[in-house]
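**Student:** model the following, please.
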Amino acid sequence: MWVVLFFNSALVLLLINANYVKVPLPANSPILRGPYKDFSTEWYGPVGATIAITTVINAIMPFSNLYSLFEHFFYRCWDRRCSLDMKKTRQFLQSEYEKKYTGPEFLFASRYAVIIAMTFIIMMYSLSMPILYPCGLVVCFLTYWTDKIMFFRLYKTPPIYGLELARNS
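**Tutor:** Numbers count the residues shown, from 1 in each chain. Have a look, this model is predicted:
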């Protein structure tokens with residue numbers, strides 16, 4: 001998944017906007033037939049800004065996870081009839097109660113993929129666009145804290161992973 005994110009966010013923009021005619025491609029091919037021969041000041045306006053905006057959007061995206069936390073809080077409050085008594089519930093069956101009060105599973109693959117892809121994009125373009133370093137810091141900081149809050153408040157307890165998780169990713 002991180003390969004797809006990296007390819008779509010960084011390499012497609014580079015391949016479409018670069019002009020490199022030494023590679024024998026068909027005349028109507030959009031790849032390597034763009035308007036920019038090098039990383040010039042004209043390149044940074046449309047292409048560099050697109051990469052920076054994508055990085056900023058990915059930095060803000062962990063906040064969208066907090067929506068599901070508020071949604072579950074609302075449903076739990078509705079189930080208790082807005083009471084602070086945690087033992088009060090409208091559910092009659094244990095399975096219904098567990099379904100209402102147990103959150104979703106944490107998706108390691110998607111979170112890991114975003115972090116790895118953003119790290120690769122930031123390291124690839126940050127030498128020429130230093131604004132990506134603070135964006136990367138924000139991505140890591142917000143991802144860490146939103147995931148920590150979501151682990152404590154919403155997600156199911158994940159299974160214990162060892163080195164197999166890192167090897168698979």
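**Student:** for this structure, what spans make up the helices?
**Tutor:** Secondary structure of the chain (DSSP state H): helices at 2-6, 12-17, 41-43, 49-60, 62-79, 94-101, 108-125, 132-153, 163-168.
**Student:** list the contacts for residue 103?
**Tutor:** For residue 103, the set of contacting residues under the criterion of Cβ atoms under 8 Å, 6 or more residues apart in numbering consists of 68, 72, 150, 153, 154, 155, 156. C-beta: built from backbone N, CA, C; applies to glycine.
**Student:** the second one and residue 155 touch, don't they?
**Tutor:** Okay, so that is residue 72. No - with the criterion set as Cβ atoms under 8 Å, residue 72 and residue 155 do not qualify as a contacting pair; they are 10.2 Å apart.
**Student:** alpha carbons only: can I get stretch 118-137 in PDB?
**Tutor:** The C-alpha trace of stretch 118-137 is given here as PDB (Å, rounded to 0.1, in the frame of the first residue of the first chain):
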ATOM      1  CA  MET A 118       5.300  10.300   3.700                       C
ATOM      2  CA  THR A 119       8.800   9.700   5.000                       C
ATOM      3  CA  PHE A 120      10.000   8.700   1.500                       C
ATOM      4  CA  ILE A 121       8.200  11.700  -0.100                       C
ATOM      5  CA  ILE A 122       9.700  14.100   2.400                       C
ATOM      6  CA  MET A 123      13.200  12.700   2.100                       C
ATOM      7  CA  MET A 124      12.900  12.700  -1.700                       C
ATOM      8  CA  TYR A 125      11.900  16.400  -2.100                       C
ATOM      9  CA  SER A 126      12.900  18.100   1.100                       C
ATOM     10  CA  LEU A 127      16.400  19.000  -0.100                       C
ATOM     11  CA  SER A 128      14.800  21.400  -2.500                       C
ATOM     12  CA  MET A 129      11.700  22.200  -0.500                       C
ATOM     13  CA  PRO A 130      12.700  22.600   3.200                       C
ATOM     14  CA  ILE A 131       9.100  23.300   4.200                       C
ATOM     15  CA  LEU A 132       8.600  19.500   4.000                       C
ATOM     16  CA  TYR A 133      10.700  19.000   7.100                       C
ATOM     17  CA  PRO A 134       8.200  20.700   9.400                       C
ATOM     18  CA  CYS A 135       5.300  19.000   7.600                       C
ATOM     19  CA  GLY A 136       7.000  15.600   8.300                       C
ATOM     20  CA  LEU A 137       7.300  16.600  11.900                       C
END
